[in-house]
Each structure stands twice: as structure tokens, then as C-alpha cells.
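[1] Need a 3D model of the sequence below.
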Amino acid sequence: MNDDLDRIAEVLLAFFDDKRIVEALHNVHEFGVTGWEKWWQVELALYLSHANEKIAEWDMEHPFDADRRSRIAQGRMALDIGFRLKRQSKDHWYFVELKQADDYRQCIDRMCKDGDKVFGGRKKSFDGLTIKYIACAGVFLDADEDDVEKYLEKACAQYELEIDGFYYEPLCEGYKLLIF
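    Predicted coordinates for the structure are as follows:
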């Protein structure tokens with residue numbers, strides 16, 4: 001497994017280990033709340049702002065130019081959340097695009113579409129931050145791991161994405177986290 005992907009997974013899994021977040025996910029599931037991706041982004045930003053032992057800095061919606069050779073038409077993109085770990089170069093950041101959908105296929109499709117966009121972006125932002133590693137993370141309702149893996153392979157092939165590995169982890173009753 002890629003060390004950088006491991007570091008991103010460690011941060012995201014620690015976030016989802018928080019009792020308050022687990023309780024909120026239980027409520028989301030119980031009451032059938034959908035479209036909670038922005039809530040996730042905000043809560044993750046708040047978590048990063050208090051994770052002083054691991055996180056040196058964080059940012060939301062950081063702007064980058066898209067690589068003109070990519071398939072996307074837009075010239076600019078903003079990455080959902082970024083952070084720099086302590087004891088790392090000041091300009092090397094980890095970035096994560098977040099997705100949420102109840103159905104794993106819909107979530108993976110959205111993650112791959114984001115991957116197609118962000119993996120082809122420029123590696124330096126307008127103000128000089130360098131992407132050390134970028135990942136896509138998705139949360140969806142529990143699904144069979146073999147089905148998820150097969151669908152991920154199919155979706156990555158469709159979008160011509162090469163991934164360094166993935167994490168498929170349970171979060172709480174009813175939800176799974178996929179990171180690639």
C-alpha cells in the first residue's frame with residue numbers, strides 16, 4: 001500500500017472514530033438524510049483544526065489550475081479539503097475529494113468522475129502549495145466488499161484511472177468508507 005494513501009486513511013479513519021461523528025452518522029441513517037457531503041467537509045475541517053498532534057495546517061476548496069491535456073473542459077478546480085502533516089515540507093499537502101451517496105455504485109461513479117478531474121490537475125496551486133498526494137474518499141451504505149471491488153475496477157477502467165490501492169473500511173452500523 002502507498003504510504004501517502006495510508007496517511008490520508010489514518011486521518012479520515014480517526015475523524016470517523018469520533019463518537020460525535022458516529023452518532024451523527026447513525027442519525028443520518030435513521031432519518032434518511034441525504035446530501036450530507038458538505039456537512040462532512042465542514043466537520044472534517046473542524047476536526048483538522050483541532051488535530052494539533054498530527055495536522056500542521058488545513059484548507060478547504062483550495063484552487064488549482066486544471067491540466068489542459070486532461071479531459072475536463074474547465075480551466076480551474078477547487079479541491080474539497082487539504083492538509084499538511086506536522087514535520088513535512090511546508091508546501092507539500094495532502095488533498096482529498098469527498099463524495100457521499102447511499103448507493104455504492106453511484107458514490108464510486110462520482111468519485112471516479114472527481115478522480116478524472118483532480119488527478120489531471122496541476123500539482124502546484126495559485127499560491128505555491130504542492131500536492132504531495134491526492135485521494136478520493138466516499139461514504140455509502142454497507143455493501144459486499146467483493147461487489148464494491150469489482151465495481152471500482154470497472155469504474156476506474158471506464159475513466160482510465162490508475163489507483164495506487166484502496167481502503168474499504170466500516171465506519172458504523174450501515175456505512176462504509178472507500179478511499180483511493
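[2] Tell me which residue is most central in the protein.
    Ala137 (3.0 Å; CA atoms, centre = their mean).
[3] Grab the nearest non-local neighbour of it.
    Ile179 (4.6 Å; CB to CB, 6 or more residues apart in numbering). Any C-beta I mention is one placed from the backbone N, CA and C, and that applies to glycine too.
[4] pLDDT wise, what is the one you found at?
    The model reports Ile179 with a pLDDT of 97.
[5] what bridges to it?
    Residues in a beta bridge with Ile179, per DSSP bridges, are Ala137, Tyr167.
[6] Tell me which residues touch it, please.
    Leu5, Ile8, Ala9, Leu12, Val96, Ala135, Cys136, Ala137, Gly138, Phe166, Tyr167, Glu169 (CB atoms under 8 Å, 6 or more residues apart in numbering).
[7] from memory the fourth one sits against Leu177, does it?
    In this case it means Leu12. Yes. Counting by CB atoms under 8 Å, Leu177 is a contact partner of Leu12 at 6.7 Å.
[8] I'd guessed the residue nearest to the centre of the chain sits against Glu97; true?
    Yes. With contact defined as CB under 8 Å, Ala137 and Glu97 form a contacting pair (7.2 Å).
[9] Spit out the contact partners of Leu177.
    Applying CB under 8 Å, 6+ apart, we find Leu177 in contact with Leu12, Leu13, Phe16, Ala137, Gly138, Val139, Tyr167, Tyr168, Glu169, Pro170, Leu171.
[10] that older thread, from the contacts of Ile179, list the buried ones, please.
    Using 16 or more other CB atoms under 10 Å as the burial test, these include Leu5, Ile8, Ala9, Leu12, Val96, Ala135, Cys136, Ala137, Gly138, Phe166, Tyr167 as buried.
[11] Widest-spaced pair of those?
    Spatially, the most separated pair among those is Leu5 and Gly138, at 14.2 Å (CB to CB).
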